[in-house]
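**Q** fold the following for me, if possible:
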Amino acid sequence: MKQRIITGVIAGAAFFVLLYLGTYWFTALILLLSLIGMDEFLRMNGLKKFKATSLIAYLGVAGLTVPWRVSSTYSILTIDHLAWLCLFLLLCVTVISKNKVTIDEVALVFIGVVYVGVGFHYMIETRMIENGGLFWTVLVFFCIWATDSGAYFTGSAFGKHPLWPTISPKKSIEGALGGVVISIIVACLFSFFRPDLLSWNQAVLLGLLIAVVGQMGDLMQSAYKRVKGIKDTGTILPGHGGVLDRVDSWLIVFPMVHLLSLIPHA
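**A** Numbering: from 1, shown residues only. From the prediction side, this is the model:
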């Protein structure tokens, strides 16, 4: 527990400093996390042995993570361009290797590239929002963390009905609802301090969506780890596991709030 707390404090402090600095600092941090996350994905799926696909995976996730924009209205490369190019290169590997690297293997790699790359991409996009980028980024992160904390403490105190026992036995319906309530409260607090950026009804909707989608992202990772028979995706964060263990909700929430236009675009 002591190691977990120390790691959390140090990592959290460094994260917030780079988040506040923004621009290249935050982009560099997110890019590093995306590459580590991709490495964890490849390792837990036994795909590190395929050197060509691993190289394409790293390049693909780096390309998807970084916004290739020369202005607020023009991008050199878009996500769909990069995703298709990555898919093309992976399929080329199956041909060149004469099916020693199978379509199933490259399909799994491609899923990982999109899952990790697009998720991290929208974290940078959120920070780059011209009007209040720091506000929106902190808001989303705080609602995610509020959901986790609210679900844990509410579930510990009142949890009686399992939420999804075959996937995550410790989670309860009461805890999930508690996470939703706390997330909405946090979003409303942000609205209270910056009503010019976020109205009350927007705050309620945003808090609700982040809580629901964030918990689904957590369950997705739990389901995947259960299939693979592992507890953590990595060991880079002592007491906390791997990068993918820590960002499971982030990778789903950030793209979703942009997809539904609940926050401004960069």
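**Q** and the helix or strand where residue 18 lies, which residues are buried?
**A** Residue 18 belongs to helix 2-21 when assigned by DSSP states H and E. Applying a neighbour-count criterion of 16 or more other C-beta atoms under 10 Å, one finds 18-19 buried in helix 2-21. Every C-beta, even on glycine, is put in place using the N, C-alpha and C of the backbone.
**Q** could you give the angle of the following helix or strand past that helix to helix 2-21?
**A** Heading C-terminal from helix 2-21, the first helix or strand you meet, by DSSP H and E, is helix 23-44. Helix 23-44 and helix 2-21 meet at an angle of 140 degrees, taking axes from the mean of the first three to the mean of the last three C-alpha atoms, to 10 degrees as the criterion.
**Q** who's in contact with helix 23-44?
**A** Taking contacts as C-beta atoms under 8 Å, 6 or more residues apart in numbering, the residues outside helix 23-44 that touch it are 15, 18-19, 47-48, 54, 57-58, 61-62, 65-66, 109, 112-113, 115-117, 120, 123-124, 127, 228, 230, 233-234, 236, 242-244, 247.
**Q** what do you get for stretch 259-266?
**A** Stretch 259-266 is contacted by residues 67, 69, 72, 125-126, 128-133, 136, 139-140, 202, 205-206, 209, 257-258 when judged by C-beta under 8 Å, 6+ apart.
**Q** also stretch 199-211?
**A** 139-140, 143-144, 147, 179-180, 182-188, 190-191, 198, 253, 256-257, 260, 262-263.
**Q** could you check how far the residue nearest to residue 235 when sequence neighbours are not counted is from residue 234?
**A** Nearest residue to residue 235 in three dimensions, chain neighbours excluded: residue 242, at 6.6 Å (C-beta to C-beta, 6 or more residues apart in numbering). From residue 242 over to residue 234 the distance is 2 Å, taken as C-beta to C-beta, to the nearest Å.
**Q** try residue 97
**A** Shown here: residue 97 relative to residue 234, a distance of 28 Å by C-beta to C-beta.
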